[in-house]
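Student: Fold the following, please.
(4 chains)
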Amino acid sequence: MTPDLEQIKKDMLRQYPPKVAKKREKAMLINDPAYDQQIQANVRTVPGIISQRGCTYAGCKGVVLGPSRDVVNITHGPIGCSFYSWLTRRNQTDPGPDGENYMTYCFSTDMQDSNIVFGGEGKLKQAIQEAYDLFHPRHIAVFSTCPVGLIGDDVHAVAKEMKEKFGDCNVFGFSCEGYKGVSQSAGHHIANNQIFKHVVGRSNEIIEGLFKINMLGEYNIGGDAFVIEDLLRRCGITLVASFSGNSQVDDFERAQNADLNIIMCHRSINYMCDMMEKKFGIPWIKVNFIGAEASAKSLRKIAAYFDDAGLKDRVEMVIAEEMAKVELAIAQIRPRTEGKTAMLFVGGSRAHHYQELFTEMGMKTIAAGYEFAHRDDYEGRKVLPTIKVDADSRNIEELTIEADAERYAPRKTEDELAALDTELQFAGYEGMMPEMGKDTLVIDDISHWESEKLIKELKPDVFCAGIKEKYVVQKSGVPLKQLHSYDYGGPYAGFTGAINFYQDIDRMVNTRVWSLIRPPWKKEPAGITATFVTQ
Amino acid sequence: MTPDLEQIKKDMLRQYPPKVAKKREKAMLINDPAYDQQIQANVRTVPGIISQRGCTYAGCKGVVLGPSRDVVNITHGPIGCSFYSWLTRRNQTDPGPDGENYMTYCFSTDMQDSNIVFGGEGKLKQAIQEAYDLFHPRHIAVFSTCPVGLIGDDVHAVAKEMKEKFGDCNVFGFSCEGYKGVSQSAGHHIANNQIFKHVVGRSNEIIEGLFKINMLGEYNIGGDAFVIEDLLRRCGITLVASFSGNSQVDDFERAQNADLNIIMCHRSINYMCDMMEKKFGIPWIKVNFIGAEASAKSLRKIAAYFDDAGLKDRVEMVIAEEMAKVELAIAQIRPRTEGKTAMLFVGGSRAHHYQELFTEMGMKTIAAGYEFAHRDDYEGRKVLPTIKVDADSRNIEELTIEADAERYAPRKTEDELAALDTELQFAGYEGMMPEMGKDTLVIDDISHWESEKLIKELKPDVFCAGIKEKYVVQKSGVPLKQLHSYDYGGPYAGFTGAINFYQDIDRMVNTRVWSLIRPPWKKEPAGITATFVTQ
Amino acid sequence: MLLRHTPEVVVEREALTINPAKTCQPIGAMYAALGIHGCLPHSHGSQGCCSYHRSTLSRHYKEPVMAATSSFTEGASVFGGQANLLAAVETIFAVYNPDIIAVHSTCLSETIGDDLNQICQAARDGGKVPAGKHIIYTNTPSYIGSHVTGFSNMVRSIASSFAKPTAEKQNQINIIPGWVEPADMREIKRLAGMMEVPFVMFPDTSDVLDAPQTGEHVFYPKGGVTIPELESIGSSRSTIALGQYASEDAALWLDSHCKVPFSLLNLPIGVRATDRFIMELARVSGMPVPEEIEDERGRLVDIITDMQQYFHGKRVALFGDPDQLLALSEFLVDLEMKPVYVVSGTPGKTFAAKMREILGDTVPEAKVKNGERADMFLLHQWIKEEPVDLLIGNTYGKYIARDEGIPFVRMGFPILDRVGHSYFPTVGYAGGMRLLENILNALLDHYDATCPEPKFELVM
Amino acid sequence: MLLRHTPEVVVEREALTINPAKTCQPIGAMYAALGIHGCLPHSHGSQGCCSYHRSTLSRHYKEPVMAATSSFTEGASVFGGQANLLAAVETIFAVYNPDIIAVHSTCLSETIGDDLNQICQAARDGGKVPAGKHIIYTNTPSYIGSHVTGFSNMVRSIASSFAKPTAEKQNQINIIPGWVEPADMREIKRLAGMMEVPFVMFPDTSDVLDAPQTGEHVFYPKGGVTIPELESIGSSRSTIALGQYASEDAALWLDSHCKVPFSLLNLPIGVRATDRFIMELARVSGMPVPEEIEDERGRLVDIITDMQQYFHGKRVALFGDPDQLLALSEFLVDLEMKPVYVVSGTPGKTFAAKMREILGDTVPEAKVKNGERADMFLLHQWIKEEPVDLLIGNTYGKYIARDEGIPFVRMGFPILDRVGHSYFPTVGYAGGMRLLENILNALLDHYDATCPEPKFELVM
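Tutor: Residues are numbered from 1 along each chain as shown, chains lettered A, B, ... in the order given. Predicted structure coming up:
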């Protein structure tokens, strides 16, 4: 009995007011990889709908600088925004015994009403000064919260002034007020722009290495980057900069040294890839280190790009070594997970990437969708030209980049690129839908209401989302795997990460604890066999 | 208003059956240091009376070998006796990073009914063998519990046999069945005898040192011995053996090297002093390191004995150093403790020694008594000839000691000893009563009933006893200081120990927590001012 | 070191807050609103606020936390949020069908000056609020006060939205529990019940944020104060407000508008604060204190007298919210512990003075700071200057505790890394026993782990 | 190292017990007797036994523990202890005036063959037992079984001394709680009360060994089962016996002598054992299970589902008493933890088999031993062979925990170095929540203290 997905769609929409239903309908479709379908994405969430989405500030602070340890990130605004983004994203970092690490700290101007009335620039300046005097960091970043833009504080002017004043400390700001855009996504774009403008290429230091790459869109949740770094090291690949797991802003400044950009999370950082290609001539390719097969494929892509026999051999050696362990784990676990079902509603890339892992476990992804992605993340970059820019997106600055007079250098000839393109798909991303099964549901920006209906109708064995959904779903007796925080587990990247994931999911879908939920008196009604009745 | 102590005595006795009252009356007196009075001590506890006393096994295992770390102490009997004496006496020991230490272990033959019926010697042999095979200790001791004597197991024969079998391990036993004697005291005597017979002088190793002493009757509760050892070391006095705090049986075997025995707890180990004097010619003196003044006096006695200028100077230097700190502490604390009252009912020497500390704090001991002492501990050794040996004592072996043919050596000439005697009082002990104030109560083997009455009548600021009394007394709102376990505090010996004690007693007699006991509604009855009454 | 850049020497800061001991108003309003049965809290601002608050509450309670948002975009920020809120109200009643929507503002909607009163009225007038349903609001500008202020504001608005003055007073009292855990609210109700006091308690998050696992998600759990109950609070004889910072405003409003007199007490944490709460219940009910309560008290005091040596003189550093800190400090002083450092990000002129009253003669050396820049960075610096024996505060304290090797007791908001705080009370005499157990475990575990081997103790 | 001589390799021992996981019978009899109101336990042996037992119980409860002794001397051991016991009875009633004296024997009086039945009768006949007062006895030879056996024997003797068979059965049941803490007895009564089951519970040490601090020592605290209650147990409809090792004998006696049928259940520790207890109460009362109990259960299960990742697959070593170990192991298996090593000094042929039933398919690698030489030395050696993630047992476990760096949860008897075990239950659903909190704290505290800094977690 295959479920009637059309019917389920109708059920999900029925409760909505007509206008809302009409809008939400465009964000849902029944997938068929054989045909192109258009999904509505990156549009406003209907007010009152309980959405998974956060704001631009979250996207901006979280995505690139949050995971970097050598920068003092000052939130300019009331205390809340800095408090909630304090250590809550599990971007792990390894500063070594005495390296710099400001990630465990929370910095804020703690705006008061007087600052709202009379302006907060003075307080911001003073705060930057105090941070500088206390820590003498090489980098200070300022993040604007909602009121800042409205009261007209010019964080960029302040940053510029303080930067000049200090001389030995780069200070730069972000106009990432929470109300901009429609989700975290706008924040990613803003972060990309400012990092590119103020940081990338600031240093002309030369990084040595035969096979130099940058990794983008890998945020070292639960130690993923540690795993990938280890793989690259063993293959003899030099990681110039990671944007931005286990990262340092110092490295961003030298990123132009790389000869290839590999990108994990297309959504959050593809802008950076394009801009670096334009300015420095660094080609970029989409990779995915989530899933053993995907990891192997990604390593081979890099080897193919550099086209070096030794590198290729090392890559194959590493893959062989790792796959042996992976196959061992799969052999044990897959019999217990085969045929089980998963739903993934999260982020801008994980809802796609993690399908790889479920496939490797023999599990079927029956519904998926992103929280803050765009159409290209669903349908592939081929649709980019056809995406019309709405009011919310138009407000986000689009930098126009030109080739760097001195430092632009094509890494390959046109012919070389063309030859490699079929395998590597430069600057390409297929998106989620082509890789998802037929008769599966794709839903963008799913609401609580819709997910609760989905769970009732399709009873997945595991549901993947975030902390806000975690206990709602589990209260319905379905285990939820957080794919933002990994439920404080992980790493899940690379081969060892894949094995971790198999084991965690095996535990979740096969645990007996759910069987404890129903009390025995709900099964056999008590009292019937009573030996006597109390008076 | 001085309390009518005679009346209080009557009140304590009133509730008893006549025979019991008659007996208990002999164990109570109103002290007057100016006159000799006879107290009843070391007699049977009336059955049914809730006494503080333990048994012979406890006294024997606890006193000498319990605190020694290089001996495997096997309890031959049902499991309980070994279990209850496992780590419960706080004899601390410092084996260093890799020295031997069996004190954290509990060894038992765990006698079963078959052993009771058919005898336990076989199991005991096997147990000793297993201990030897597991640990290869140089010393194994066997302690008999109640059933052992009754079923006729000969632990001494077994010990002898195993000792001969091993060759490199001294095995010896104790007939310390719990029913022997009337309290722990019999166990002390039995322990003294066997240690002297089987251990002391076993080794002819020569210990170097100018001023060599043994310390007896110091059990390193809460680290007391650590403090005293440090004082002796700083004075340049060599401690050959300590019977037995932070001790090793290895040292007992060489104890005859000492030229002076100093004894802390007269009750538990005076037998050993006498026997060592007879056999080896080592004089002994009573000392007391509980109390700053007493500690100073004890150090001076040792210096006087060796009559060495350098030693005397060092002793005075150490005393001066330490007393400075003591006076500082006293100056702060005494104003808060001056005039407060204490009762001490514990042990065989502490009830006497600790009066020193209370005196130094300006506190008055208004009642005291021992748990398992003899008349000489109350009245002084001068009464020894007059103590008639009753049935219970007669059962405890009295060793007849002769001078060792090779090793007997007088340490001083008769004249030297005579000259020093006034200051040092060789082989002398004044006892508690001469040093206790007039119009104070002295009660031997006090019962729960009597102590509860005493507390009601005399309301002491602090009561000193053991764990069984701890919460009984505190439930009546009076703090109890455990003088067996020090309430898991200490050290209290020497000068630093004295300061610890001042601070702990200051805390206990001045704490505000007792003021929390009475709920406010017991003070102002509730409801009177009720705004309305519930229906 | 986790906090490796924190210098020992304190330098006065005028603008920069580091490692705050507070967060912003709206989350407090959201928590308070969840204490009304059938209520959907609504955040009038951009999505992020709601998302952040739901996430934090979800982590603290490990429970579903449902709330909606006006999802401001740049447009709304320019033209005002009325359209968004009206649309939201319509959608919410259609989809989630709550009995009541409790709206709170944000720094965004406050900065642009949205008039929530007018918008809510417009929603009612526009028929967007179905018959028998309710919408209420409170103003929670994030740039004033703290999360505690937001809680207090919502509690006051709950009172002012439903209370009607009556000449006839009913035979009941109001209890405003303050910002405490569901378990604490449950315990406060148990004690009031044993004192036979008829009462309405608001807010009440018990049976809301400690809901059982039943295999189905109940969108509106059975707990929470009901609207009929709220409609009766204006006719109560009196109000007991627990905790000045969280509860006084609502009590004041009821007094001035409905002539319901109130007594303001500390949170009933510890012996004497609980005594005052029980005495107040006895006063209003005229009932004697039942033996059962007296026994609970006696057991608490028994632990104190038994274990006093482990409390006496220990130096403690505290951070958190004023109502908790005041009550807890009094308790610690009764234990003869020394709260030497106390910080709270929540402003309030009376705090330092009240704290001095409690600490004055017994802990003259105490350092107390609240309001702006009274943060954990400062607390950590004080600790580096002169160490403490114990740290008590929310989960963020664990970074200081590990760096400095200090025993740590979790108490306050948020607790993100342990369970228990929502299930076992810290108020009342039973709660005091739990606190003592936690403090003793922290101190004794530390001793067991770090003492030299010859000093390792079997009995404690 | 504290236990530095413990070798890794296990060698079979035939005679030597090292670091026992049990003690002897009399202390169990003393504890059980304290569960009768107005009872003075009496140890018929030499002084040391009584002193040791009172000391251990005092340290475990930090409460007064009153008991008397026959103070055997060598004479008594030769000529028999009758004179001592008769003298004791006279003195006890004169001085301490109990309602009842509960005598237990010792290895000494058993070895010399004192006939307690005859001596007690002699006491009665000799007028040494005042009118309305009672003397009962039980035989507790220390060289058979363990402290649990002694408890069981006294409980059986309590039943056999007072129960009278009646044709007419009353509308009540008997509950025999087993050797659990006062808090557990209180919780069992609360649950039975909520199920509206009229019952007599014996023994009952609540309000005896958790007495409040009132400033005066009450020699016989108000708790304990009363003699009139005990005189009615023969006429109860049925008996619920909790824990085979501590409670079955008494239940069997009541069945065979008074025709009171019984159901034997595990101690209600954990979800399913408590379920069976509640279902049994529901069966006898015919009452539906109230929502409050169902909610408590739901909260317990909620913690399990929320935190399951921290329990799953963790290797646990357990030592203690059989009834606790059986119930606890079932709970741990439900949490998907692995009780890989289990030792109990208490003998019993059924134990290993029952344990296998529980662990069989899920923890096939488990090592289980009970009886002679099933001691902590062996457990420690197993741990050295292959480590565990958690150790659960009495205070003596701390020496292993520190040496091996293992998280440690205190549970069982005796607990000499912490407070709480006597005040907070581990039985029932609420008790399960406490157990989970303690286990999680032990595991997570260990992680927080030992993980590499990059792996330090804010949220757990």
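Student: Nearest residue to the middle of chain C?
Tutor: Nearest to the mean C-alpha position of chain C, counting by Cα atoms, centre = their mean, stands residue C:179 at 2.3 Å.
Student: Nearest residue to whatever residue of the stretch 1-150 of chain A ends up closest to chain C in space, please, no chain neighbours.
Tutor: In the stretch 1-150 of chain A, the residue that lies nearest chain C is residue A:55 (2.6 Å; Cβ to the nearest Cβ). Placement of C-beta: from N, CA and C, glycine included. Of all residues not flanking residue A:55 in the chain, residue C:48 sits nearest, at 2.6 Å (Cβ to Cβ, 6 or more residues apart in numbering or on different chains).
Student: Model confidence for that neighbour, exactly?
Tutor: pLDDT, residue C:48: 97.
Student: what number of residues lie near it?
Tutor: Residues near residue C:48, counting by other Cβ atoms under 10 Å in any protein chain shown, number 33.
Student: Distance check, the residue of the stretch 1-150 of chain A closest to chain C against chain D.
Tutor: As judged by Cβ to the nearest Cβ, to the nearest Å, residue A:55 and chain D stand 20 Å apart.
Student: cool, residue A:21 as well?
Tutor: Remark: distance between residue A:21 and chain D (Cβ to the nearest Cβ) = 34 Å.
Student: was I right about that residue contacting residue A:10?
Tutor: No. Applying Cβ atoms under 8 Å, one finds residue A:21 not in contact with residue A:10, separated by 9.5 Å.
Student: Determine how far the longest helix seen in chain C lies from the middle of the whole chain.
Tutor: With residue count as the measure and DSSP state H as the assignment, chain C has helix C:428-450 as its longest helix. Computed by Cα atoms, centre = their mean, to the nearest Å, the chain-centroid distance of helix C:428-450 equals 22 Å.
Student: other SSEs contacting that helix?
Tutor: Helix C:428-450 is packed against helix C:182-194, helix C:271-285, helix C:291-311, helix C:322-334, strand C:390-393, strand C:408-410, helix D:397-404, helix D:428-450, with contacts defined by 3 or more Cβ pairs under 8 Å, 6 or more residues apart in numbering or on different chains; DSSP states H and E.
Student: now these in a markdown table, with distance to residue A:207, mean neighbour count and mean pLDDT?
Tutor: Converted to a markdown table, those look like this (distance: least, Cβ to Cβ, whole Å; neighbours: other Cβ atoms under 10 Å in any protein chain shown; pLDDT from 0 to 100):
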| stretch | distance to residue A:207 | mean neighbour count | mean pLDDT |
| --- | --- | --- | --- |
| helix C:182-194 | 55 | 21 | 98 |
| helix C:271-285 | 63 | 22 | 97 |
| helix C:291-311 | 57 | 20 | 98 |
| helix C:322-334 | 52 | 25 | 98 |
| strand C:390-393 | 43 | 26 | 98 |
| strand C:408-410 | 43 | 22 | 98 |
| helix D:397-404 | 46 | 22 | 98 |
| helix D:428-450 | 36 | 21 | 98 |
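Student: The residue of the stretch 1-150 of chain A closest to chain C: how many residues sit nearby?
Tutor: With other Cβ under 10 Å as criterion, residue A:55 counts 33.
Student: can you check the one 5 residues further on too?
Tutor: Residues contacting residue A:60 under the criterion other Cβ under 10 Å number 32.
Student: same thing with residue A:438?
Tutor: Residue A:438 has 10 nearby residues by other Cβ under 10 Å.
Student: and what of residue A:53?
Tutor: 24.
Student: ok but it is inside a helix, no?
Tutor: No. Membership of residue A:53 in a helix is not supported by DSSP: H, G, I helix; E, B strand; the rest coil, which gives coil.
Student: what's near enough to touch it?
Tutor: By Cβ atoms under 8 Å, 6 or more residues apart in numbering or on different chains, the residues touching residue A:53 are A:45, A:182, A:183, A:184, A:371, A:372, A:445, C:47, C:51.
Student: so which of these comes closest to chain D?
Tutor: Once Cβ to the nearest Cβ is applied, the member of those that ends up nearest chain D is residue C:51, at 15.5 Å.
Student: so that closest one sits right up against residue A:56, yeah?
Tutor: No. Using Cβ under 8 Å, residue C:51 is not in contact with residue A:56; the gap is 11.8 Å.
Student: Please say which of those two ends up with more neighbours.
Tutor: A count of neighbours by other Cβ under 10 Å puts residue A:56 above the other of residue C:51 and residue A:56, at 35 against 27.
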